[in-house]
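1. Sequence plus the predicted model coming up.
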Amino acid sequence: MRFLALWRGYVLCILCLLPIFAQAGQITLSIDDIVAPTFHVKTISAKLDGAGFSHFEARIGELSWRDQTWRNVRLSCSKTRLDNGAIRCDQGELGLTEKLPVRFAYQPQAKVLDLSVNFSRDEIWRVRAKWGNPGWNVRVEADNGQVRRLVGFLPHNSVKPTAGTWNGSIGIDGGQIGMANVVADVKLKELAFADASGLHAGEKIGGAVKLDISRGKAGWQWRGDVDWQTGEAFWQPLYFPQGGQHFSGQGSLEGDMLRVSQGSLRVAGVGEAQLSGGWKMAGGGLADFDLKAAGLDLDGLYRLLLKPFLEKTAFAKLQAKGRGDLAWRYRDGATTDFDLTLRAAELVDEEGRFALRGVDARVPWSNVAQREAEIRFTGGEVLHLALGETRVPLTMQGWRFTAPGFSVPLLDGRLNLDGFAASRSAGGWQWNFSGGLAPVSMERFSAALGLPPMHGTLSGIIPAVDYAGGNLKVNGALLFRIFDGTVVVKDLSLSEPFGRTPHLSANLDMRNLDLDLLTRTFSFGNMQGRIDIGVDGLEMSNWHPVKFDASVASSPGSYPRKISQGAVQNISSLGGAGAAAAIQRSFLRFFEQFGYERIGLSCALRNGVCLMDGVEPAPHGYVIVQGGGIPAISVIGYNRQVGWDDLLERLKRITQKNVKPVIQ
Amino acid sequence: MHSQNLRLWVVAMLLWLPVLAFAAADLEINTPAISSLKMAMQSRHSQLASHYASGAVGLTRDGLVALRDAALVPLAQRQAVGSLVAAENQDRKALYREIARANGHPEWEEEIHSTFAQRWVQKAAPGWWYQNHGGAWVKK
C-alpha cells in the first residue's frame, strides 16, 4: 500500500510541471519545492530552448523518497520534437546514479506522459502516467527489471530485495480522493531478499504474483494469487528448500486490519488448507483465523512446519508417516477449537526412545465444551519394550484430559493405567496416574533392554505418580515381584525426566530374592539361598549413581545355603587384590559347593568411592561370607575402599566374561 | 569509635561472605551428568567452530552462544545452525546448573554463568566474536 501511495506522489509531482512561462526562444517551467511525508523534491527547474525548442532539460536538486535520496537529478534531451502538441524525445538522458538513456513523450492536452528508461539492453522500465478528469492512472511495466531498484520504496525494517528481476506490469488508478485501484501482474525470476539479521531471507526464487486491490466503502478489497515455483527461503525458524507453494485468496484491509476472507494455501510436500483470518498490521499480530486441511502428509508437515518448534521437547527428532486432517479455530489470540484426525500414522523417535505405529486418532478439542477423544495404535515401543494394540479414550474439558482407565499390552504382560489425568496451566503440563503391571516375563524384559537373560516374572503395583513443574514423584511405594522376591521402591522422585540431566532419588528395599535365579542370570557362579538388598538414599545423576548406602545380606529364615567355587572366587575378586578365600586352596579341589552361614556386603558410595564392609569384622578386614556346615567356607574382604568405576569394571568382567575360577 | 570501626568491619565481612563462599566453588567438579554434558558439547564443537570463526555465532555475556549474524551462514544451513545454537545453550544451561548442584549450592547458578562467560572469552580463538559487559559485540 505504501508503494502505491508513493506512486500517487509521483503523479502529483508531474502535475506540478504544468505552469509554463514562455520567453523569447525559451520556455521555463516554474516549479515549487514539493514536500510530502514520504518524499520531497527540491530545487526544481526545467526549460525548453534552442532552435525550435529542441533542447529540453529538467533538473532536480534533491529528490528524496523514503530512505533514498538522489541529488542533481537531470533529465535532458537535445532532440526534442514538438509533434501535434506533444513534446517527444527519442534520445534523452536521465542522470540518476548513472546516466541512463530514456525516451519520453508528453502530451499536455491529453495530459499523458510516457517515459521509458533503458537501464541496459535487456532491462527496460516503462511508465505511463495520465491525469485529468475523471482521475489519474500510472502504469509501470518492466522487461527484466532489477528488483533491487525498489529497495527505496520499501519500509525501513522490512526484508529488502538484493537480486532478481521482474517482468510484467503494475497499474494504479486514482481520483481526487486518492488511489482507487491497483492491479499487478508480475513474474519474478532469481529473486533474492534478506533482512538485516539474515533470519528472513530467500534465494533464487521464481514465481508469479497477481494482485487486484480496490477501494471500497469501508476500506480496501483485495484479491491475489502468489505462485512460488522455485527457490529456497528461510523464515526463522522455518526453512523451505524448494518452491511448489501457492496461495490464492481475497479479503480486505480496514484500518490496520488485513483480513483474508477466503484463502487457499498449498505447501509442497504437506498439502492444501483453506483458511481465513485477520492480521493486525500495527504489531498486533494474528487476531483470529480459521483453517481447514484434509489429507495432510504428516512426514512433510512434521519436517517442514512442526519440527522447528519442537526442538526442546521429546518430539525433536521424529520420523512421521501417515495422513491427518485438521480444523483449527483461533479467536482473540487463543485457540478456541481444533479437530485433529490421524490416519494410519507412524511416529518413531530417531533416538529409539519410543515409537507408535498404526495410529488412528480423533481429537475434537474445545476450550469451553467437554469433548471425547480417542487414540488407537496397533503397536509401538517405549525404551525398546514392545507395546501392543491399545485404545486410549480421553475426556477433554479445555486443557484438562482424563482417561477412565486403559490397558497397554507390554511385552507378554500388560500395563494397566487407572485414573489418568493431565492438565495444562501457566507452569506447564502436569499429569498423574496410578496402575499396575501384570506379569511380564523377565526373559523378554531383559532381552528387550539388552540385559543378561533373566528368569522369573516382573509384576507390580504402581501407586499415584505425579508430574508437575518438571518433576516426577511417586507417592507411596512401587511394588514389583522379581527373582521370586519383592522389590519395594519408596520416595521415588525424578527431576527433569525429559531434560538433559535427569536426577533420580529413591529408597529400594528388596526382600527374599532367590540367589539361584539371580546368580544364574548374571553368570556369577552358582549360589543358593535368599538375600535381602537395601539401597538407602539412592541418588542418580543422568542415570548414573552418585550416592547411596547399599547392603546385601542373607534373608532370615531356613533355606539351603550353598556357594560354588566360581562364586567364591568372584566374591573374592570384588574385594580387590587384598581379598582372598580364607580356606586352604587344596581343600577347594575336592568340592564343587560349600555351605555358608550368612552373606553380607555393604557399600556406601561417596564421591565415586565405595566404602565397603561385611557381615562382621575380621582381622585386617571384614567377613563377606561366613562359613557354616560341612564343607564350610568363609570369604574375607580386605579392601575397605574401592573406586565405583573400578568395582563396576570388575563386576562386568565377572558377569560378562564368565570368568572361571582357577583351582590349584 | 573503635567499636564503630569494628562493626563496619563485621558488616563488610558479612557482605563479602557470599562472594568468598562462591570463590570456593569447584568449577572442575565432575559428576556423570557433567561429564556427559561436556562430551556432548565437545562433539558439537566441531560443528560450531567454523561458525565461531566466521562470526555467525558469538559468545554472549551470560555464558551462552547466539546466532549473531545469520547472513554469514549459507541459507540452506541457517535452520541447522539455529538448532545447534539452541542445543548448545540447552547443554550450557544444564552444565552450569549441574556444577552449582554438585557444589551443593544450586543458588550459585547465576554466578557460574558469568564466570564461565569470562572463561569462554579467554579460551576463544582470535577472530571470534563475544559480547562485552555492555552487551556490544566485540571481535577478539
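-> Received it, and whenever you're ready, just let me know what you need.

2. ok, the residue of the stretch 301-450 of chain A at minimum distance from chain B - contacts?
-> Across the stretch 301-450 of chain A, no residue is closer to chain B than residue A:311, which sits at 5.5 Å (CB to the nearest CB). Where C-beta positions appear, they are placed from N, C-alpha and C, glycine not excepted. Applying CB atoms under 8 Å, 6 or more residues apart in numbering or on different chains to residue A:311 gives the contacts B:83, B:86, B:87.

3. you'd agree the first one is in a strand?
-> Think residue B:83. No. Residue B:83 is assigned helix when assessed by DSSP: H, G, I helix; E, B strand; the rest coil, not a strand.

4. Burial check on it, number of neighbours?
-> Neighbour count of residue B:83, defined by other CB atoms under 10 Å in any protein chain shown: 15.

5. mind listing what it touches?
-> Counting by CB under 8 Å, 6+ apart, residue B:83 touches A:308, A:311.

6. same question, the last one
-> The neighbourhood of residue B:87, defined by CB under 8 Å, 6+ apart, consists of A:311, B:44.

7. and it, helix, strand or coil?
-> Assigned with three-state DSSP, residue B:87 falls in the helix class.

8. With pLDDT and distance to residue B:77 as extra columns, can I get the contacts of residue A:311 in CSV?
-> Formatted as CSV, the contacts of residue A:311 follow (pLDDT from 0 to 100; distance: CB to CB, whole Å):
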residue, pLDDT, distance to residue B:77
B:83, 91, 10
B:86, 91, 14
B:87, 91, 15
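
9. Run through the residues of chain B sitting next to chain A.
-> Applying CB under 8 Å from any CB of the partner chain, we find that chain B lies next to chain A at B:31-33, B:36-37, B:40, B:67, B:69-73, B:75-76, B:78-79, B:82-83, B:86-87, B:90-91, B:94, B:97-98, B:101.

10. Are any of those buried, and if so which?
-> Taking 16 or more other CB atoms under 10 Å in any protein chain shown as the criterion, what is buried in those is B:31-33, B:36-37, B:40, B:67, B:69-70, B:73, B:75, B:78-79, B:82, B:86-87, B:90-91, B:94, B:97-98, B:101.

11. hey, where'd the helices end up in chain B?
-> Along chain B, counting by DSSP state H, helices occupy B:2-23, B:32-54, B:75-102, B:109-123.

12. what residues are up against the residue in the stretch 351-500 of chain A that chain B sits nearest to?
-> Nearest residue of the stretch 351-500 of chain A to chain B, counting by CB to the nearest CB: residue A:500, 4.0 Å away. Applying CB under 8 Å, 6+ apart to residue A:500 gives the contacts B:37, B:40, B:90, B:91, B:94.

13. And those, which is closest to chain A?
-> Nearest to chain A out of the contacts of residue A:500 is residue B:94 (CB to the nearest CB; 4.0 Å).

14. Next up, the contacts around that closest one.
-> Residue B:94 makes contact with A:499, A:500, A:501, B:33, B:37 under the criterion CB under 8 Å, 6+ apart.

15. Tabulate these (TSV), appending pLDDT.
-> Converted to TSV, these look like this (pLDDT from 0 to 100):
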residue	pLDDT
A:499	76
A:500	78
A:501	83
B:33	87
B:37	92
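
16. which one among the residues you listed gets closest to residue A:201?
-> Nearest to residue A:201, judged by CB to CB, of these is residue A:500 at 30.9 Å.

17. Near chain B, which residues of the stretch 251-400 of chain A? Just list them.
-> Residues of the stretch 251-400 of chain A lying near chain B by CB under 8 Å from any CB: A:308, A:311, A:312.

18. And the nearest residue to residue A:86 once chain neighbours are set aside, how far from chain B?
-> Excluding the flanking residues, the one nearest residue A:86 by CB to CB, 6 or more residues apart in numbering or on different chains is residue A:107, at 4.4 Å. Per CB to the nearest CB, to the nearest Å, residue A:107 is found 47 Å from chain B.

19. Dihedrals phi and psi, the residue sitting nearest the centre point of chain B?
-> For chain B, the residue sitting closest to the mean C-alpha position, by CA atoms, centre = their mean, is residue B:63 at 2.3 Å. Dihedral angles of residue B:63 (phi, psi; degrees, to the nearest 10) stand at phi 80, psi 10.

20. ok, now which ones touch it?
-> Applying CB under 8 Å, 6+ apart to residue B:63 gives the contacts B:92, B:96, B:112, B:113, B:114, B:115, B:116, B:117, B:120.

21. again, only this time at 7 Å
-> Contact analysis of residue B:63 by CB atoms under 7 Å, 6 or more residues apart in numbering or on different chains lists B:92, B:96, B:113, B:114, B:116, B:117, B:120.

22. Can you report phi and psi for residue B:56?
-> Residue B:56 has phi and psi values of phi -70, psi -40 when expressed as degrees, to the nearest 10.

23. Am I right that it is in contact with residue B:71?
-> No. At 8.1 Å, residue B:56 does not count as touching residue B:71 under the criterion of CB atoms under 7 Å.

24. if we can go back for a sec, can you say which helix or strand has the residue of the stretch 301-450 of chain A closest to chain B in it?
-> Under the criterion DSSP states H and E, no helix or strand holds residue A:311.

25. Next one: residue A:260 from chain B, what distance?
-> Taking CB to the nearest CB, one finds residue A:260 at 27 Å from chain B.

26. Double-check that that residue belongs to a strand.
-> Yes. Counting by three-state DSSP, residue A:260 is part of a strand.

27. which ones are touching it?
-> A:249, A:251, A:275, A:276, A:277.

28. bridging residues for it?
-> Taking DSSP bridges as the rule, residue A:260 bridges to residue A:251, residue A:277.

29. any idea how far residue A:421 is from it?
-> Distance, residue A:260 to residue A:421, by CB to CB, to the nearest Å: 38 Å.

30. Can you give me the neighbour number for residue A:71?
-> Counted with other CB under 10 Å, the neighbours of residue A:71 add up to 12.

31. repeat for the one 4 residues further on
-> Residue A:75: 20 surrounding residues under other CB under 10 Å.

32. So it sits against residue A:58, correct?
-> Yes. Taking CB under 7 Å as the definition, residue A:75 is a contact partner of residue A:58 at 4.5 Å.

33. Now do the phi/psi pair for residue A:78.
-> Phi and psi for residue A:78, reported as degrees, to the nearest 10, are phi -90, psi -10.

34. What's the separation between it and residue A:98?
-> Look at residue A:78 and residue A:98: by CB to CB, they are 19 Å apart.

35. Could you do residue A:355 as well?
-> Going from residue A:355 to residue A:98 by CB to CB gives 63 Å.

36. which one of those two has more residues nearby?
-> residue A:355 (20 against 7).

37. Just to be sure, that one is in a strand?
-> Yes. Assessed with three-state DSSP, residue A:355 lies in a strand.

38. check contacts around it.
-> A:347, A:348, A:349, A:380, A:381.

39. Report the spatially closest residue to the first one, excluding sequence-adjacent ones.
-> With CB to CB, 6+ apart as the criterion, residue A:347 has its nearest non-adjacent residue at 4.9 Å, and that residue is residue A:356.
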